[in-house]
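Peer 1: output the structure for:
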Amino acid sequence: MKKKIAIIMGGYSSEYQISLKSGNVVYESLDTEKYEPFRVHIFKNKWCYVDDNGQEFLINKNDFSANINGHKLKFDCVFNAIHGSPGEDGYMQAYFELLDIPHTGCTMYQAALTFNKRDLISTLKPYGIKTAQNYFLNYGDFINEDEIISKVGLPCFVKANKAGSSFGITKVYKKENLKDAVEKAFEEDNEIIIESFLDGTEVSVGVISYNNETLVLPITEIVSENDFFDYQAKYEGKSQEITPARITKEQKEKVSAVAKKIYAILKMKGFTRSEFIFQDGEPYFLEMNTVPGLTKESILPQQANEAGITLKSLFSNAIEEGLQN
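Peer 2: Numbers count the residues shown, from 1 in each chain. Prediction:
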């Protein structure tokens, strides 16, 4: 009998539209000889299964089921395609783990830790992982521009601590623009991180669990037409994403080893995509995504394709590992 797979998509953050695209790619790519896929929209005002005709059936949050014309629909596994909250920050993972429903990807703790850039950096530093200089602010803190600039310098990046897809991020060149950038970041999150500017080649490294082994995918070089890899660059074609990256063999070996080390330190599962910038030949870690984009424009599918892994195989493997776990 085919396994019933709920593909959860949407979410509560600014990334919900990207998540809907990712979820639909999963829906269209699943092996229908093995799985019966169901689109499940997760929004603050409703959770619902949406059929191919657009008809909605509310999800019962007590057991994550739906009533379809008097028949109770339950799922064998959940494929998580929610970027941002509540799919990438641990809430959905905790919910499914409490209900004992298998799901793709990492556990609640791993998701919560990696979604919080400040806490993730703090966790990795004792292991010798290089990062930019950073400064943290909570909402309501006094903003001391001179202190911030003395630590991180100019230009610098101001970004939400818990957000993705470059929402709320600003590159700041002048002291007088710092407060406006902070206010913009606080629109996305009540914690922000301010980082020194690293001038070098940016790469994205996919590390996944595939056939029960940790696999580093071909590396992607990011060349943005904009000032940095912002939302337009990521999703509106304002960048070149070159796979494999035009880096030296030594650089490839270094960043692959660091990315794999981080995956192991965090006891990670499922898909991850980590961002690095090379400074003086050394890879500096920026952040990790545990529910990376799966749209046709997204980096991880490009990397899988370069490695000879089809989306059908990639998604099937994620489901089977979720069922095993």
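Peer 1: which residues does the residue most central in space within the chain contact?
Peer 2: Nearest to the mean C-alpha position of the chain, by CA atoms, centre = their mean, lies Asn289 at 2.9 Å. Residues near Asn289 by CB atoms under 8 Å, 6 or more residues apart in numbering: His83, Glu88, Thr114, Gly164, Thr272, Arg273, Ser274. Quick note: C-beta positions are derived from backbone N, CA and C, even for glycine.
Peer 1: just give me the closest of these to Lys254.
Peer 2: Distance to Lys254, by CB to CB, is smallest for Ser274 among the contacts of Asn289, at 13.3 Å.
Peer 1: count of neighbours near the closest one?
Peer 2: Here the number of neighbours of Ser274 (other CB atoms under 10 Å) works out to 24.
Peer 1: which parts of whatever helix or strand it lives in are buried?
Peer 2: In the assignment (DSSP states H and E), Ser274 maps to strand 271-279. In terms of neighbour count (16 or more other CB atoms under 10 Å), strand 271-279 has its buried residues at Phe271, Thr272, Arg273, Ser274, Glu275, Phe276, Ile277, Phe278.
Peer 1: just the CA atoms of that strand, as PDB, please.
Peer 2: What follows is strand 271-279 as a C-alpha-only set of coordinates in PDB (Å, rounded to 0.1, in the frame of the first residue of the first chain):
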ATOM      1  CA  PHE A 271      18.900  18.400   4.000                       C
ATOM      2  CA  THR A 272      21.100  21.400   5.000                       C
ATOM      3  CA  ARG A 273      22.500  24.200   3.000                       C
ATOM      4  CA  SER A 274      25.300  26.300   4.600                       C
ATOM      5  CA  GLU A 275      26.700  29.600   3.400                       C
ATOM      6  CA  PHE A 276      30.400  30.600   3.600                       C
ATOM      7  CA  ILE A 277      32.600  33.400   2.400                       C
ATOM      8  CA  PHE A 278      36.300  32.900   1.600                       C
ATOM      9  CA  GLN A 279      38.500  35.400   3.300                       C
END
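Peer 1: can you give me the helices in the chain?
Peer 2: 16-29, 91-99, 108-115, 117-124, 145-152, 178-186, 231-235, 249-265, 299-306, 311-324 (DSSP state H).
Peer 1: I'd like those helices as CSV, with distance to Asn53 and mean neighbour count appended.
Peer 2: What follows is those, written out as CSV (distance: least, CB to CB, whole Å; neighbours: other CB atoms under 10 Å):
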stretch, distance to Asn53, mean neighbour count
helix 16-29, 14, 20
helix 91-99, 26, 18
helix 108-115, 33, 21
helix 117-124, 41, 18
helix 145-152, 52, 14
helix 178-186, 40, 18
helix 231-235, 28, 18
helix 249-265, 41, 17
helix 299-306, 28, 21
helix 311-324, 24, 19
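Peer 1: of those helices, which is nearest Leu198?
Peer 2: helix 145-152 (10.8 Å).
Peer 1: what's the angle from the closest one to helix 178-186?
Peer 2: 80 degrees (axes from the mean of the first three to the mean of the last three CA atoms, to 10 degrees).
Peer 1: helix 145-152 packs against which elements?
Peer 2: Using 3 or more CB pairs under 8 Å, 6 or more residues apart in numbering; DSSP states H and E, the elements in contact with helix 145-152 are strand 134-138, helix 178-186, strand 191-196.
Peer 1: let's see 7 Å
Peer 2: strand 134-138, strand 191-196 (3 or more CB pairs under 7 Å, 6 or more residues apart in numbering; DSSP states H and E).
Peer 1: can you tell me which of these is most buried?
Peer 2: strand 191-196 (a mean of 23; mean count of other CB atoms under 10 Å).
Peer 1: tilt between that strand and strand 271-279?
Peer 2: Using the same axes, to 10 degrees: strand 191-196 against strand 271-279 is 40 degrees.
Peer 1: got a list of contacts for strand 191-196?
Peer 2: The contact list for strand 191-196 (CB atoms under 7 Å, 6 or more residues apart in numbering) reads 117-118, 132-138, 148, 152-153, 156-162, 182, 185-186.
Peer 1: what residues does stretch 103-117 touch?
Peer 2: So stretch 103-117 is contacted by 77-80, 88-90, 93-94, 96-97, 119-120, 123, 161-162, 193, 266-271, 287-288, 290-291, 318-319, 322 (CB under 7 Å, 6+ apart).
Peer 1: just give me the least confident of the contacts of Asn289.
Peer 2: Ranked by pLDDT, the contacts of Asn289 bottom out at Gly164, which has 55.
Peer 1: so what's Tyr127 closest to, chain neighbours aside?
Peer 2: Spatial nearest neighbour of Tyr127, excluding adjacent residues (CB to CB, 6 or more residues apart in numbering): Ile265 at 5.6 Å.
Peer 1: show me the contacts for Tyr173.
Peer 2: Residues near Tyr173 by CB under 7 Å, 6+ apart: Leu154, Pro155.
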